[in-house]
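*Asks:* Here is a sequence with its predicted model. Questions after.
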Amino acid sequence: GNSVTQMQGQVTLSEEEFLFINCTYSTTGYPTLFWYVQYPGEGPQLLLKVTTANNKGSSRGFEATYDKGTTSFHLQKASVQESDSAVYYCVLGPSNSGTYQRFGTGTKLQVVP
Amino acid sequence: EAAVTQSPRSKVAVTGGKVTLSCHQTNNHDYMYWYRQDTGHGLRLIHYSYVADSTEKGDIPDGYKASRPSQENFSLILELASLSQTAVYFCASRGAQRGQNTLYFGAGTRLSVL
């Protein structure tokens, strides 16, 4: 079935360090892939999305590449800031056989000054 | 800017009592969703709807009912609240047109069942 796996429950970095959050997925077809970010006390909001396999999405310094070969959609940022502290969700969009998105378990990023 | 409003923002309920969580969207979106958020589980889909007067089960529907009386409103109902239903609940909406696949979330309702 359709599923998303985020193995890292929490990541702690110092400011200006490189961020890498792992995400792999399982599905059929070619769904859109998303990263959502959730700040404390708020609902999740879209960070970036990629609709086409082997394309890259970017927003606010974050990047993710839709890799159909390795079924991965890892999130990266070259230099994190304290304001990036949040929970990041990898999300699998609806496939031809479904009508709703599937969320990963989330990765909590804490950036310390 | 898309707008999804949830009420109440927090609620304390007693075990066995009835709880209704409400969601209102002004986006003119066809799809509406109820998710539950728990530490270690991320967001899990409870119920969703793609048209008024119709609801569908998500991944964890047991113990929950949903109601979509209009395009703008979507409620989540716990007929007999249980301790295990203590969680944060999020409502979301999205459009049905091609390319309208971004979810817009409300700010959440924190439910504590005692």
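*Replies:* Received the coordinates, thanks.
*Asks:* Which residues are in contact with the closest residue to chain B within chain A?
*Replies:* Using Cβ to the nearest Cβ, the point where chain A gets nearest to chain B is residue A:43, with a distance of 3.1 Å. Yep, even glycine has a C-beta here, placed from its N, CA and C like the rest. Contacts for residue A:43 were tallied using Cβ atoms under 8 Å, 6 or more residues apart in numbering or on different chains; they are B:4, B:90, B:92, B:105, B:106, B:107, B:108.
*Asks:* any idea which strand is longest in chain B?
*Replies:* Scanning chain B for the longest strand, with DSSP state E as the assignment, gives strand B:42-51.
*Asks:* Find me the pLDDT at the residue of chain A closest to chain B, would you?
*Replies:* On the pLDDT scale, residue A:43 is placed at 96.
*Asks:* Likewise for residue A:30?
*Replies:* Looking at residue A:30, the pLDDT reads 81.
*Asks:* which one is it nearest to, not counting chain neighbours?
*Replies:* In space, and not counting its chain neighbours, residue A:30 is closest to residue A:53: 5.8 Å by Cβ to Cβ, 6 or more residues apart in numbering or on different chains.
*Asks:* Tell me the residues of chain A that contact chain B?
*Replies:* Residues of chain A lying close to chain B by Cβ under 8 Å from any Cβ of the partner chain are A:6, A:9, A:32, A:34, A:36, A:41-46, A:49, A:51, A:89, A:93-94, A:99-106.
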